[in-house]
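K.L.:
Please find the sequence and the predicted model below.
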Amino acid sequence: MLISTPFYKNIINFKKIILLFVSCLCLSLISTTLYANGYIKCWKNAEGMTECGNRIPREYYNQRIRYIDEAGVTRKVKERAKTRGELDAQLEVNKLLALEEKQKRQSKDYDNVLLKTYLSIDDLLDSLDSKLSIIESRSLILESTIELKKREFGNLVRKAANMERSGKPISDQLTLQLDSARKSLRNLQTQLSQQDIETKKIKNIFAYDVERFMILKANRIKHSLSTPSQAKKLNAVRLNCLNQAQCDSHWKKANAFIKEFSTTKVLYSTDKISVTDIPKGYRDIAMALAMVEKTITIPNRMLIFQIRCNPEREGQEFCDTDEIEGLLKEFKSVVYQ
């Protein structure tokens, strides 16, 4: 009577469920064991020949092992363990890759700062002039001070010579003055040398900055120059190169054109950029040239040429004249001929 009640029926069903779960678990464990131990293992021996078996010889544990089922299908591959030398080499490669990635990030950050700091190449050149003018002023002051100290030191030397000629010993006070003057001269000359080093350092930094800035700007406006109205607004043109030989020819003719028609002197000229000095007069014509490398969207290299005028109203009005437009057309004609 009690066995037929629903309560005991539920107990029996629960026991069946437990038994089924235990059975599945056992089957899973058996399957796992068969996966690990039931497959044929294949490896290469010391002669480079492939060997297979149920057990892997100890000397080949670290080799590449293939696990093959009874149908001949590879079910699993354990790659060869790397040697200490290989691990060390991989570590060095990883360090180099990390360093390269870090340098790329730093370069990108530097470029962003450069573009945010200066609006135009002339702003950058003006900043260079300002820094060099400050150093030049300091150097002129140092040079004049050195000349004054040299005269003072010469007077002390002559005074000491007169004392020796008269048979008198050089006084302690005069000796101290001579030593002090020598020390002062050495310090001033050291400062002047440091100023020269600082000038060279600034010029090198700006040479890099000018090249990077011009290439970055050229890459930014290269698409705009395909529109005549934008090209006219920017007073710039772009010339495509079909191959390296044509690029070299364009570059040579473009640089010759700049030297002939720019009214300001060439400040920087490399295999990537050419730029003349700031247009200070209202009718000054400054020029800039940059080589833009090919990209995924731009299949060929190209030259970006731009005419720069004085930023004042009179200079900008001059840039809008037919004379400037004619120069741009002449540039294209000369380079393409």
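P.N.:
Perfect, I can see it now.
K.L.:
Show me how far the top helix by length along the chain is from its chain's centre.
P.N.:
Longest helix of the chain, by residue count under DSSP state H: helix 172-221. Here helix 172-221 shows a centroid-to-chain-centroid distance of 25 Å under the convention Cα atoms, centre = their mean, to the nearest Å.
K.L.:
Now the element after it, going C-ward?
P.N.:
Following helix 172-221 in sequence order, the next helix or strand is helix 228-234 (DSSP states H and E).
K.L.:
Check which helices and strands the very next helix or strand once past that next one sits against.
P.N.:
Remark: after helix 228-234, the chain's next helix or strand is strand 236-240, criterion DSSP H and E. If contacts are counted by 3 or more Cβ pairs under 8 Å, 6 or more residues apart in numbering; DSSP states H and E, strand 236-240 sits against strand 302-308, helix 322-336. Backbone N, C-alpha and C define where each C-beta goes, glycine included.
K.L.:
mind checking which of those is nearest Met49?
P.N.:
Proximity to Met49 (Cβ to Cβ) singles out strand 302-308 among the helices and strands packed on strand 236-240, at 57.6 Å.
K.L.:
Report all helices and strands that the closest one contacts.
P.N.:
Applying 3+ Cβ pairs under 8 Å, 6+ apart, we find strand 302-308 packed against strand 236-240, helix 244-261, strand 286-292, helix 322-336.
K.L.:
Ile215 is nearest to which of these?
P.N.:
Set against Ile215 and scored by Cβ to Cβ, those come closest in strand 286-292, at 5.5 Å.
K.L.:
That closest one pairs with which strands?
P.N.:
Here strand 286-292 has these sheet partners by DSSP bridges: strand 273-276 (antiparallel), strand 302-308 (antiparallel).
K.L.:
These into a markdown table, with extra columns for mean neighbour count, distance to Lys217 and mean pLDDT?
P.N.:
A markdown table is the format used below for the strands paired with strand 286-292 (neighbours: other Cβ atoms under 10 Å; distance: least, Cβ to Cβ, whole Å; pLDDT from 0 to 100):
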| stretch | mean neighbour count | distance to Lys217 | mean pLDDT |
| --- | --- | --- | --- |
| strand 273-276 | 24 | 10 | 96 |
| strand 302-308 | 23 | 8 | 95 |
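K.L.:
got CSV for these, with distance to Ser127 too?
P.N.:
Shown next, in CSV, are the strands paired with strand 286-292 (distance: least, Cβ to Cβ, whole Å):
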stretch, distance to Ser127
strand 273-276, 14
strand 302-308, 16
